[in-house]
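# Using only what follows, build the 3D model:
(one chain, ligands or ions: 1)
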Amino acid sequence: MPLFDRVLVANRGEIAVRVMRTLRDLGISPVAIYSEPDRHALHVRSADLAVCVGPEASRESYLKMDAVIAAARQTGATAIHPGYGFLSENAVFARKVREAGLVWIGPPPEAITTMGDKLLARRTVLAAGVPVVPGTVDPVRDPEEAVRIAREIGFPVMIKASAGGGGKGMRRVEDESGVRAAVETARREAAGAFGDDAVYLEKYVQGPHHVEIQVFADAHGHCVFIGERECSVQRRHQKVLEESPSPFVDPEMRRRMGEVAVAAARACGYVGAGTCEFLVGANREFYFLEMNTRLQVEHPVTELVYGLDLVEVQIRVAAGEPLPFTQAELVPRGHALECRLYAEDPETFLPSPGTLSQVSWPSGPGVRVDAGVDGASVVPVAYDPLVAKLCTWGSDRAQAIRRMRRALAETVVLGITTNTALHDRVLRHPDFVAGNYDTGLLSTPLPPVEAPRSGATDAALMAVAIERLVADEARAQLAATGQIGAGGGAGAGATLWRTHGRARVLRGG
Ligand code: MV4
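This next block holds a predicted model:
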């Protein structure tokens, strides 16, 4: 008996495709939702049923709670997986899903609310003995109070919005003269961005690492940690590359951080997959920053090192099953990397939306690709520019890095610009290769790398061209027998779609 017959995936892009893969593995029929420009998107073609929920703008489609719940009702889905982003950390939506008699494949709404308010989160975990960055646990009342507290904790300090997170509404202040203005600006920005002007103070942690711990809890009182991910390769609070284990964390530190993360999860009554973010100072002292109450983009590196399918565990836990492993059974093996492929220019970092003409993903030993696009895809401007995640596993870090360099050389994405050149440079950066880096790695210009176009890339391009010729020949026959869909119009230039043979549109957009 399958856990559920049908599950609706309330998302798009690579995460929707990735969740649907696990649904199929479990014998569950995946249902997609889509916005009008996404009608032919890969996640729609990966589903058995698909429902249009509105036009391009997210707040009129993927964020329309009632439309998403109606789509589940209409298709007979009995559970909703939210992916990440969109409605995944929306407690109101989680409650509505449950009130509609559907299973919410995510944490309890109360846990989302507690952790979504960064001040409430600080108070909650502090009461459970979790180390937080020294600072306030109440909103600062006025700039005078902020100056007094900043003097007490010592400069530099960070001013953060309680409703913020992930770097939004954050300000570093060097000395007393800057406090007043920073508090006022942070307040105004927070009120505008989040409708909540509460701000608080933290001591500035020098040379920080961003290390996060994967946790998992079931509804039977079990809670475990599943190692860490090093996420310090970031640019303007956008993660670029992640790895597990962290080259900076030893087994003793892993255990201590893990136990703290489990205490934080228990303190808010957590159930499901969650992530505790820590700041780790150059002196290796670690502090709880915030808890993300969703499956994260970078979860595959944890899956590769621990040999797990975290989406499968999410679904089992949501169905009421106990965790399928104990803490003692969770033993890391080898090393994994994830490179985020964004549709952006690697020099200017400007978005590069557009229409893909050719895509060829790497494969072979130790390579996993979670892609949200194929050669028949459009990358709209309206959504997250993440098009794919290239992941590699190796028996050690050096092998994982070599495999990633190969994977990047095998990757062909034509029609849009992606940031593969940035990854190439990070992977050859001496500090990265040595595993000796913190969040400052990308704040200084990367050393230029002599990167002659590799033979592998040219070979891959030629292979794609030949594949395309063969595919075009085969298209007419296959389309006639209904085994594939033909997109992009009839005749030359038509595109092959993988359809699972049964994608249907219920309500056209
Ligand atoms: C900090 C910090 C130093 N001290 N808080 C940025 C993202 C958000 N989650 C928290 N962030 C930071 N908070 C204190 N008290 C430095 C950062 C920070 C950072 C953190 C993780 C990864 C990259 C970063 C880049 C700049 C600043």
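# how deep is L408 tucked in, by neighbour count?
21 (other Cβ atoms under 10 Å). Yep, even glycine has a C-beta here, placed from its N, CA and C like the rest.
# Quick check: it touching C339?
Yes - with contact defined as Cβ atoms under 8 Å, L408 counts as touching C339 (7.0 Å).
# what sits in contact with each of these two?
390, 423 (Cβ atoms under 8 Å, 6 or more residues apart in numbering).
# Show me which residues of the stretch 1-150 of the chain sit near the ligand.
Within the stretch 1-150 of the chain, the positions near the ligand by Cβ under 6 Å from any ligand atom are V133.
# residue in the stretch 1-150 of the chain nearest to the ligand?
V133 (4.4 Å; Cβ to the nearest ligand atom).
# what about that residue, distance to V426?
27 Å (Cβ to Cβ, to the nearest Å).
# how about L356, what does it touch?
373-379, 413-416.
# How much space separates the closest residue to it other than its chain neighbours from the ligand?
Of all residues not flanking L356 in the chain, G415 sits nearest, at 4.2 Å (Cβ to Cβ, 6 or more residues apart in numbering). Computed as Cβ to the nearest ligand atom, to the nearest Å, the G415 to the ligand distance reads 31 Å.
# I'd say G415 and S352 touch.
No - judged on Cβ under 8 Å, G415 makes no contact with S352 at a distance of 9.6 Å.
# more neighbours, these two?
Counted by other Cβ under 10 Å, G415 and S352 do not tie: S352 has more neighbours, with 20 against 17.
# Tell me how many other residues surround the closest residue to the ligand within the stretch 51-200 of the chain.
Using Cβ to the nearest ligand atom, G167 is the residue of the stretch 51-200 of the chain that sits closest to the ligand, at 3.6 Å. If you count neighbours by other Cβ under 10 Å, G167 ends up with 11.
# okay, it: pLDDT?
G167 is assigned 74 on the pLDDT scale.
# backbone phi and psi for it, please?
phi 90, psi -10 (degrees, to the nearest 10).
# Can you tell me the centre-most residue of the protein?
V297 (1.7 Å; Cα atoms, centre = their mean).
# Identify the residue nearest that residue in space, chain neighbours excluded?
Y84 (6.0 Å).
# Looks like that neighbour contacts I15 (just checking).
Yes - using Cβ under 8 Å, Y84 makes contact with I15 at a distance of 5.7 Å.
# who touches both of these two?
What both Y84 and I15 touch, as defined by Cβ under 8 Å, 6+ apart, is the set 295, 297.
# Could you check which of those two has the larger neighbour count?
Comparing Y84 with I15 by neighbour count (other Cβ under 10 Å), the higher total belongs to I15, at 29 against 17.
# Let me know whether my guess that that one is in a helix holds.
Yes - looking at I15 with DSSP: H, G, I helix; E, B strand; the rest coil, it is inside a helix.
# Please name the nearest non-neighbouring residue to it.
I15 sits nearest to G83 (Cβ to Cβ, 6+ apart), 4.0 Å away.
# Now do the contacts for the one you found.
9-11, 15-16, 19, 294-295.
# now do 10 Å
G83 sits next to 9-19, 43, 62, 105-106, 294-295, 297, 311 when contact means Cβ atoms under 10 Å, 6 or more residues apart in numbering.
# How about T418?
340-346, 352, 379, 385, 387-388, 411.
# Reformat those residues into a markdown table and put secondary structure next to each item.
Shown next, in a markdown table, are the contacts of T418 (three-state DSSP):
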| residue | secondary structure |
| --- | --- |
| R340 | strand |
| L341 | strand |
| Y342 | strand |
| A343 | coil |
| E344 | strand |
| D345 | coil |
| P346 | coil |
| S352 | coil |
| V379 | strand |
| P385 | coil |
| V387 | strand |
| A388 | strand |
| T411 | coil |
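# Poorly predicted segments of the protein, please.
Residues of the chain meeting the criterion pLDDT under 70: 1, 447-461, 463-465, 467-509.
# For the stretch 351-500 of the chain, which segments count as helices?
All helices of the stretch 351-500 of the chain, identified by DSSP state H, counting those that start in this stretch, fall at 397-410, 420-428, 430-433, 455-480.
# Could I get the buried residue list for the first one?
Of the residues in helix 397-410, those scored as buried under the neighbour-count criterion (16 or more other Cβ atoms under 10 Å) are 397, 399-401, 403-410.
# go on, the second one?
For helix 420-428, burial by neighbour count (16+ other Cβ under 10 Å) applies to 420-428.
# Stretch 97-113 now?
Those would be 97, 102-109, 111-113, for stretch 97-113 by 16+ other Cβ under 10 Å.
# Verify the contact between the residue nearest to the centre of the chain and L241 for me.
No - V297 is not in contact with L241 according to Cβ atoms under 10 Å; the separation is 11.5 Å.
# tell me which residues of the strand of greatest length in the chain are tucked away?
For the chain, the longest strand by residue count, based on DSSP state E, is strand 223-235. Neighbour-count burial for strand 223-235, counted by 16+ other Cβ under 10 Å, picks out 223-234.
# The ligand: which of these is nearest?
For the buried residues of strand 223-235, the nearest to the ligand is Q234 (4.5 Å; Cβ to the nearest ligand atom).
# shouldn't G169 be in contact with A186?
Yes - using Cβ under 10 Å, G169 makes contact with A186 at a distance of 6.0 Å.
# ok, P445 to R425 distance?
Distance from P445 to R425, by Cβ to Cβ: 10 Å.
# repeat for D374
27 Å.
# quick one: the helices in the stretch 1-150 of the chain?
With DSSP H, counting those that start in this stretch as the criterion, the stretch 1-150 of the chain has helices spanning 13-25, 42-45, 65-75, 91-99, 109-116, 118-127, 143-153.
# how about the nearest residue to T136 once chain neighbours are set aside, what does it touch?
Leaving aside its sequence neighbours, T136 sits nearest to Y200 (Cβ to Cβ, 6+ apart; 4.6 Å). Residues near Y200 by Cβ under 10 Å, 6+ apart: 118-119, 122, 135-140, 146, 149, 158-162, 164, 186.
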